[in-house]
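> Just need the structure, nothing else, for what follows:
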Amino acid sequence: MPAPRIHDSVWPQLDALALIEGRPLVITDADEVLFMFLQGFEAYLEDNGHYLDLSSFALVGNIKNAATEEMAPVEVAKDLLDGFFRERTETMTPVPGAAAALAALSARVQIVVLSNLPEASRPAREKALALAGMAYPVVANTGLKGPVVRHMADIVKAPVFFLDDIPHNHTSVAQVAPDVQRVHFIADPRLARLIGPAEHSNHRVDDWAEVRLLIERELEALGW
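Below you'll find the model as predicted:
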């Protein structure tokens, strides 16, 4: 099996980043880390005749038709997810404490938002972040996040922290960038209860005040 690589659509976004060598970096996901994705998606599904059966930590495969109680076909589920990002990205609710914690950390670190979302939704995400007081660069990724994180870590040559809710993203980063500190974060308590700490994460934290303290403590320990 070929090694994961950075998708062609992502390279121009990475080239546009003004990363500073020698300055620590926080790479954070958006959905369920900076924004309350689940709450917004559930409201969108309800408006479109569906609901999410929260019996497992998954989206596609857990969406049901409200009238028939039948599982939505994969194509319908993906269309609903794409529609949500297209129509509701700008109005998602920020995760409590995220903006304040990142603002405090930004005195010591640079910040990039790395989110797997359609590239066409990137401007809406940038607008939503700005409105929420989190106007940081956004990279709309496709596929596993490990190679992108490795690329950014190679540029900064300083401590890097990676925050994400999806376990396989932590696995991907651990495989190609094991020196990166991986923080498993899930904002919605219902989702958090469905899954324990990601196997390949270094830390599991579900509160932004704790994230800030964790990163500050790690930087102190590393002499940064």
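
> Please count neighbours and contacts with C-alpha atoms only from this point.
Noted.

> Could you list the domains of this structure?
The chain resolves into domains spanning 11-36+93-221, 38-90 when parsed by automatic domain parsing.

> Tell me the gap between the last one and the middle of its chain.
Right, domain 38-90. Computed by C-alpha atoms, centre = their mean, to the nearest Å, the chain-centroid distance of domain 38-90 equals 19 Å.

> just the CA coordinates of stretch 48-56, formatted as CSV?
Below are the C-alpha coordinates for stretch 48-56, written out as CSV (Å, rounded to 0.1, in the frame of the first residue of the first chain):
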residue,chain,number,x,y,z
ASN,A,48,-34.3,18.0,6.2
GLY,A,49,-36.4,15.1,7.5
HIS,A,50,-33.6,13.0,9.2
TYR,A,51,-32.0,12.5,12.5
LEU,A,52,-28.8,11.1,13.9
ASP,A,53,-28.9,7.9,15.9
LEU,A,54,-26.0,8.4,18.4
SER,A,55,-25.4,4.7,19.1
SER,A,56,-21.8,4.9,17.9
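
> what's next to it, contact-wise?
With contact meaning C-alpha atoms under 8 Å, 6 or more residues apart in numbering, stretch 48-56 is reached by 42, 45, 59, 62, 63, 64, 65, 66, 67, 191, 194.

> so who does the first one touch?
Applying C-alpha under 8 Å, 6+ apart to residue 42 gives the contacts 51, 52.

> that older thread, could you say which of the domains of the chain is packed most deeply?
domain 11-36+93-221 (a mean of 18; mean count of other C-alpha atoms under 10 Å).

> just to revisit the earlier point, mean pLDDT lowest where, among the domains of the chain?
Note on the domains of the chain: domain 38-90 shows the lowest mean pLDDT, a mean of 92.

> Now do the end-to-end distance for that one.
From its first residue to its last, domain 38-90 covers 15 Å (C-alpha to C-alpha, to the nearest Å).

> do stretch 78-97 as well
End-to-end distance for stretch 78-97, by C-alpha to C-alpha: 30 Å.

> Contacts for it next, please.
Contacts of stretch 78-97 (C-alpha under 8 Å, 6+ apart): 32-37, 40-41, 44-45, 60, 117-118, 120-121, 124-125, 127-128, 132, 187, 207-209.

> cool, stretch 179-197 as well?
The contact list for stretch 179-197, computed with C-alpha under 8 Å, 6+ apart, reads 32-33, 36, 38, 54-57, 95, 153, 159-167, 170, 173-174, 198, 200-207.

> Over to residue 179. Which of the three states is it?
Under DSSP: H, G, I helix; E, B strand; the rest coil, the three-state class of residue 179 is coil.

> coming back round to it: which ones among the contacts of stretch 78-97 are found in helices?
Mapping the contacts of stretch 78-97 onto helices (DSSP state H) picks out 37, 40, 41, 44, 45, 124, 125, 127, 128, 208, 209.

> Redo these as JSON lines? Include distance to residue 23.
What follows is the ones in helices among the contacts of stretch 78-97, written out as JSON lines (distance: C-alpha to C-alpha, whole Å):
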{"residue": "37", "distance to residue 23": "30"}
{"residue": "40", "distance to residue 23": "34"}
{"residue": "41", "distance to residue 23": "36"}
{"residue": "44", "distance to residue 23": "40"}
{"residue": "45", "distance to residue 23": "41"}
{"residue": "124", "distance to residue 23": "28"}
{"residue": "125", "distance to residue 23": "25"}
{"residue": "127", "distance to residue 23": "26"}
{"residue": "128", "distance to residue 23": "26"}
{"residue": "208", "distance to residue 23": "21"}
{"residue": "209", "distance to residue 23": "22"}
